[in-house]
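J.: Got a sequence here, can you model it:
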Amino acid sequence: MEYNKPKIGITLGDIAGIGPEVAIKVLQNPIVEQLCIPIIIGEYSTVKYYTNLLLPDRQIQIIDTPEDVVSDPHSIQLLDLKNIQFTSVRLGKVNQECGRASLDYIRAGVDWCLGKKLDALVTGPIHKEAVQMAGIGAPGHTEFLANLCRTSEVRMLLVVNHLRAIHVTTHMSLRKALDFVKTERILETIRFGKKALKDLGTNRQKIAVAGLNPHASEGGLFGTEELDQITPAIELASSEGIDIHGPIPPDTVFHRMNKKEFDLVIALYHDQGHIPLKLIGFDSGVNITVGLPIIRTSVDHGTAFDIAGQLKANSVSMFKAIQLANVIANAQNLDKTRLVN
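T.: Next up, the predicted model:
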């Protein structure tokens, strides 16, 4: 029914890139309006530019708060922050003001989610250099969201169809990441992963832990991390009733998940999870931040400055991000209903 559809905020990301294009282009798909009430969080002149090109029959409805929004497939609902002018932007160029504006959209979306005015937030791509120039105060999008929500521990979950990888570490050097491959952090990541699978509605929750070293160290031949840190975490998770397996050599574990032997892989560092999933589904990946007090999904592609403004951007990742935000929102609402009953 209409009133049950979640209200989902969609941030434009860096407007010098493809974020605004995919945010408007995804609204061409009628399934989006069937799933949720989409609300663009951005700036009017930018939204107007892409609406004229992609959805010229739609009206832009400017609203003051998500509480005012009703579902209307003939209009685009916009929370206009009035924080930048599209005519002043050079497409495809790093710009501090674009970085600042993209951070404003995220802050607003988080505030409305924390205030229960939005059910979920879907974020467009930001440019790392631009937001660093604008003073993000965090290594990346995930960490910035955690700071805004005053959450100390979050994890990045990458989803490509039936493939899922949750990361023990993300935006840090590989040398530093190795120091974070510790039993307690791995165990906490496994727990985050189990909850994420529940939120995504997976009936089976079979989790694999990737090894760190070649061949998962061959019993200590190529390193001791598997024996000293990873296996103890697996044993503790198993004692909690989690269906957990590993450590499994990282060069085979994703193949086995692709064959549907596992529902989730615990990746020990950023590229260990990102490379195989992006190889399989570069245009359809979704990034979910697990551990926040709000629902946040995101496209798993960048700003693509090289094609900005050319209307060549693929909106599949944005559509998948909205789909998954809707799934999680509905699952959490169902859990709340069960508690009340």
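J.: which residues touch stretch 124-135?
T.: Applying Cβ atoms under 8 Å, 6 or more residues apart in numbering, the external contacts of stretch 124-135 come out as 10-14, 16-20, 22-23, 94-100, 102-103, 105-106, 140-141, 144, 298-299, 301-305, 318. Bear in mind the C-beta positions are built from the backbone N, C-alpha and C, glycine included.
J.: again, 7 Å this time
T.: When contacts are defined by Cβ atoms under 7 Å, 6 or more residues apart in numbering, stretch 124-135 is touched by residues 11-14, 17, 19, 22-23, 94-96, 98-100, 102-103, 140-141, 299, 301-303.
J.: Would you report the backbone torsion angles of residue 51?
T.: As for residue 51, its main-chain torsions (degrees, to the nearest 10) stand at phi -70, psi -40.
J.: let me fix that: residue 165
T.: Backbone dihedrals for residue 165, given as degrees, to the nearest 10, come out at phi -140, psi 130.
J.: Isn't it up against residue 275?
T.: No: in terms of Cβ atoms under 7 Å, residue 165 does not count as a neighbour of residue 275; the distance is 9.9 Å.
J.: Looking only at neighbour counts, state which of those two leads.
T.: Taking residue 165 and residue 275 together and counting by other Cβ atoms under 10 Å, residue 165 has the greater number of neighbours (25 against 13).
J.: Compute the distance between the more buried one and residue 95, please.
T.: Computed with Cβ to Cβ, to the nearest Å, the distance linking residue 165 and residue 95 is 32 Å.
J.: likewise residue 126?
T.: To residue 95, residue 126 is 12 Å away according to Cβ to Cβ.
J.: Between the two, which has more neighbouring residues?
T.: Taking other Cβ under 10 Å, residue 126 and residue 95 do not tie; residue 126 has more neighbours (29 against 22).
J.: So the nearest residue to residue 302 once chain neighbours are set aside, which state does it fall into?
T.: Distances taken as Cβ to Cβ, 6 or more residues apart in numbering place residue 125 nearest to residue 302, at 5.2 Å, with adjacent residues excluded. Applying DSSP: H, G, I helix; E, B strand; the rest coil to residue 125 yields a three-state assignment of coil.
J.: quick one, what contacts residue 49?
T.: By Cβ under 7 Å, 6+ apart, the contact list for residue 49 reads residue 86.
J.: For the protein, which element, helix or strand, carries the lowest mean pLDDT?
T.: None of the helices or strands of the chain scores lower by mean pLDDT, DSSP states H and E than helix 316-340, at a mean of 80.
J.: Show which residues not belonging to that one make contact with it.
T.: Against helix 316-340 from outside (Cβ under 7 Å, 6+ apart): 6, 8, 22-23, 26, 29, 32, 35-36, 119-120, 122, 159, 199-201, 283-286, 288, 295, 297-301.
J.: out of those residues, which are inside strands?
T.: 8, 120, 122, 159, 286, 288, 297-299 (DSSP state E).
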